[in-house]
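1. Mind folding the following:
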Amino acid sequence: MDLQQVAPGLWRWTAAHPDWEPRQEQDDPADWDPEVGCVAYATDDALVLIDPLVANGSYEALDKLAEGKKEVGILTTIQWHGRSGAELAKRYSATTTPPDGVEPVEIEGAAETMFWIPKHGALVAGDRLLGDRPPGLRICPPSWLRYLGGFTQDDLRDELRAQLLDLPIEMVLVSHGEPALRDGRAAVERALAQ
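-> Numbers count the residues shown, from 1 in each chain. Predicted structure coming up:
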């Protein structure tokens, strides 16, 4: 596991998802890369892992981050991102409650909870903001919303505007594609304007 430190105490890594299948067409529900993004954030007392995926039992890097922490939290942005959460919860006797310094941001109607880390101006997104196509971030395609009973991309844009644009976002750490490591608020605004 190759942890990329994006700020002091904040890391992102990618891992090959075991359920990945080649897409049939652009923007279909399977249109995502085999490598998915995961986040670790350490405070003085706690470690939080968001949408964690560990490949091949490679726990050493996370074990080192968890060492000496009073609390480990495992957070999931969206129901499909359970990934290695259950096994890591057992390994670290983890909770599913965000520790101090991590705030949930409910995206109403979109079945997603993003996580806000104010200390770093970092927004952690699951499936509703993607980073896999230029010029940077984009919202998910309509096919990714199909199970939400008529919730549309326009609804998603409205909800993301309401929930995110008041935050001083510096970076957006996405599950799918490349993160926006600077000028995060501007990247979100561009995604919502597309």
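2. Alpha carbons only: can I get the lowest-mean-pLDDT helix or strand in the chain in PDB?
-> Taking mean pLDDT, DSSP states H and E as the measure, strand 129-133 is the helix or strand of the chain with the lowest mean score, a mean of 84. Once non-C-alpha atoms are left out, strand 129-133 reads as follows in PDB (Å, rounded to 0.1, in the frame of the first residue of the first chain):
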ATOM      1  CA  LEU A 129     -18.100  13.900  -7.300                       C
ATOM      2  CA  LEU A 130     -15.600  12.200  -9.600                       C
ATOM      3  CA  GLY A 131     -12.200  13.200 -10.700                       C
ATOM      4  CA  ASP A 132     -11.600  11.000 -13.600                       C
ATOM      5  CA  ARG A 133     -12.000  13.300 -16.600                       C
END
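3. moving C-terminal of it, what's the next helix or strand?
-> Per DSSP states H and E, the first helix or strand lying C-terminal to strand 129-133 is strand 136-139.
4. one step back: which residues touch the least confident helix or strand of the chain?
-> Residues outside strand 129-133 that contact it (Cβ atoms under 8 Å, 6 or more residues apart in numbering): 32-33, 114, 123, 137-140, 160, 172, 174, 176-180, 188, 191. From N, CA and C alone the C-beta is placed, and that goes for glycine too.
5. Restricted to helices, list these.
-> Leu160, Val188, Ala191 (DSSP state H).
6. Lovely, talk soon.
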